[in-house]
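Novice: Following is a predicted model, sequence given first.
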Amino acid sequence: MTAAPLERRYRRLLLAYPGRYRRVHGAEMVTTLMDMADAGQSRPFAAEAWHLFLGGLRQRFRVPSGRPLVLVAAVLTTLIGGGFGAAAGSWTAERTFTALPGDAAVAALTRQAAGGGGDDFSTDRSASPWFTEMVLGAVDSPGWTAQDAERRLAADGWRVGATRNLAGAVYSSSTSDGRVERVEARSAAFDATRDGLLMQVTGHVSAGHGTVSIMLWPADTGALKPLTVAGLLLGLLGGWMVAAAGAYRMRESPGGRRRIAALLAGLAVAALATPAFAFYINVMRVLEASGSVVNTVHSALNASPYWSYSTPWMLVQLSVAGALFAIVAWLMTDRRGTTGSAVPAAG
Amino acid sequence: MQEPTFLILTALAGEPLHGYGVIQSVASLSAGDVKLRAGTLYGALDRLTEQGLIEVDREEAVDGRLRRYYKLTDNGAGALSAEAERLRRNAAAAETQLRRRPLMGGAA
């Protein structure tokens, strides 16, 4: 017997409900809906369809009643979801940023800013737990002046900002007896921007020496704040839904498995809380961003200690460990243990 | 306890009923005031089962369709009778207060 169109439509509407709920109540709900239908009715009334859809959504957010510990776990999971969601949003936003140039291009750019320079070029890429990756280049260039550098860069399409003359001295330890001595120097810095990249050029020129360094980092495309906030909100929502679904999976599992799954879920929350906390600190930094450096949320996972007492990979290790605990806990709770008749999949 | 919940428990107190039976019974118990939708009904039945106030009595297949009958548990009977007692007390209190109400109007 093929199902009547009305019945098919009801089954499709019931897809708004979580799978667990559909497996337990789907068949009897269709029966009741068909009992309530008028003779000859071929499609659900709009109000009825809307009510079923909303009811299904609401069911997805429900957690088992009368379980305070489940509620606490759900709130924590929600907050953790928000932190990781914000990090994912910030990561996505960074994809829209201009990629930093490779080492050869950085060398060429440093020499362009320095006006040539010696063969002592050095470069460094920094991974900060707070902001985007930066690359530094430095080269020795006696006789450097900011004006010439600005002219060269402007001619190459860089938009150059005002020159800042810095306090005029460097300290050198190059004397033979190792004493540090003060050397009079001419120091200047300026900012430049081109194609989504920000550059700071700094020069310290003293008699016979001139250290010219550039620092490059990507500019925000305007995507960072909206995507971070969107990620945060989606993460909060997702966190609660995962907790709600997980709580029901756990409830329907046999006792022994349930206890192990609860323990693993607890370990997952404990492990994920620390990286999530770091993400929230970074969210604040993103939202109140000032200055030229572009703060990001996901940079907390960079190989750089977030707190002075953490190791470089601590937050990554905690995230991976927490994710593994959570996945195993999820798989341990077997949803096939439910009672009730299965509803055939809706066509 | 919300009114639909109270009425669903009341409907199931007399005899085990299936979903549509509960909806009809609630409508007649409330003199047509409360018309349950299927989504609301099963949300409540799910929650009340979870709380141990009702349980599945039996299942029947009619014309290839599943009918599941629910009945009140002893816990559910206790909760319903406590709620009925509370409502009776409140109703009695309201009537007592209304009798003390001074008559309105009049010139005096």
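Specialist: Nice, I can see it.
Novice: For the rest of this, base every contact and every neighbour count on C-alpha atoms.
Specialist: OK.
Novice: those helices in chain B, which residues are they?
Specialist: Counting by DSSP state H, one finds helices in chain B at the ranges B:3-14, B:19-29, B:38-50, B:74-100.
Novice: how about those in CSV, adding distance to chain A and mean pLDDT?
Specialist: Formatted as CSV, those follow (distance: least, C-alpha to the nearest C-alpha, whole Å; pLDDT from 0 to 100):
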stretch, distance to chain A, mean pLDDT
helix B:3-14, 15, 94
helix B:19-29, 5, 94
helix B:38-50, 6, 92
helix B:74-100, 15, 95
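Novice: Including mean neighbour count and distance to residue A:26, could those helices go into a markdown table?
Specialist: Shown next, in a markdown table, are the helices of chain B (neighbours: other C-alpha atoms under 10 Å in any protein chain shown; distance: least, C-alpha to C-alpha, whole Å):
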| stretch | mean neighbour count | distance to residue A:26 |
| --- | --- | --- |
| helix B:3-14 | 19 | 19 |
| helix B:19-29 | 20 | 12 |
| helix B:38-50 | 18 | 10 |
| helix B:74-100 | 13 | 24 |
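Novice: Residue A:7 is nearest to which of those?
Specialist: helix B:38-50 (13.9 Å; C-alpha to C-alpha).
Novice: Which strands and helices lie in contact with the closest one?
Specialist: helix A:19-36, helix A:46-61, helix B:19-29, strand B:54-62 (3 or more C-alpha pairs under 8 Å, 6 or more residues apart in numbering or on different chains; DSSP states H and E).
Novice: Those: which one's closest to residue A:192?
Specialist: Nearest to residue A:192, of all these, is helix A:46-61, at 50.1 Å by C-alpha to C-alpha.
Novice: Distance from the helix or strand that that closest one is followed by to the middle of the chain?
Specialist: Using DSSP states H and E, the helix or strand that follows helix A:46-61 in sequence is helix A:68-95. Relative to the centre of its chain, helix A:68-95 is centred 10 Å away, using C-alpha atoms, centre = their mean, to the nearest Å.
Novice: Check stretch A:88-98 too.
Specialist: 8 Å.
Novice: Pull out the buried residues from that stretch.
Specialist: By 16 or more other C-alpha atoms under 10 Å in any protein chain shown, the buried positions in stretch A:88-98 come out as A:88, A:89, A:90, A:91, A:92, A:93, A:94, A:96, A:97, A:98.
Novice: surely the fifth one meets residue A:226?
Specialist: Going back to what we said before, that points to residue A:92. No - applying C-alpha atoms under 8 Å, one finds residue A:92 not in contact with residue A:226, separated by 10.8 Å.
Novice: Just give me the residue closest to the centre of chain A.
Specialist: In chain A, the centroid-proximal residue (C-alpha atoms, centre = their mean) is residue A:87; its distance is 1.6 Å.
Novice: what residues are up against the residue lying closest to that one once chain neighbours are set aside?
Specialist: Spatial nearest neighbour of residue A:87, chain neighbours left out: residue A:298 (4.4 Å); criterion: C-alpha to C-alpha, 6 or more residues apart in numbering or on different chains. The neighbours of residue A:298, taking C-alpha atoms under 8 Å, 6 or more residues apart in numbering or on different chains as the test, are A:86, A:87, A:88, A:90, A:91, A:279.
Novice: So which residues make contact with stretch A:200-208?
Specialist: Stretch A:200-208 is contacted by residues A:113, A:142-146, A:170, A:183-192, A:210-216 when judged by C-alpha under 8 Å, 6+ apart.
Novice: For it, which residues meet the burial criterion?
Specialist: Going by neighbour count (16+ other C-alpha under 10 Å), the buried part of stretch A:200-208 is A:200, A:201, A:202, A:203, A:204, A:205, A:206.
Novice: Who is the second one paired with across the strands?
Specialist: Looking back up the chat, that one is residue A:201. Counting by DSSP bridges, residue A:201 is bridged to residue A:190, residue A:214.
Novice: How much space separates residue A:204 from residue A:110?
Specialist: 14 Å (C-alpha to C-alpha, to the nearest Å).
Novice: next one: residue A:182
Specialist: Residue A:182 is 26 Å from residue A:110, where distance means C-alpha to C-alpha.
Novice: Neighbour count: those two, which is higher?
Specialist: residue A:110 (25 against 11; other C-alpha atoms under 10 Å in any protein chain shown).
Novice: before we move on, the earlier item: now distance to residue A:259 too, for the helices and strands packed on helix B:38-50, in TSV please.
Specialist: Shown next, in TSV, are the helices and strands packed on helix B:38-50 (distance: least, C-alpha to C-alpha, whole Å):
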stretch	distance to residue A:259
helix A:19-36	20
helix A:46-61	23
helix B:19-29	34
strand B:54-62	25
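Novice: Residue A:158 is nearest to which of those?
Specialist: Nearest to residue A:158, of all the helices and strands packed on helix B:38-50, is helix A:46-61, at 52.2 Å by C-alpha to C-alpha.
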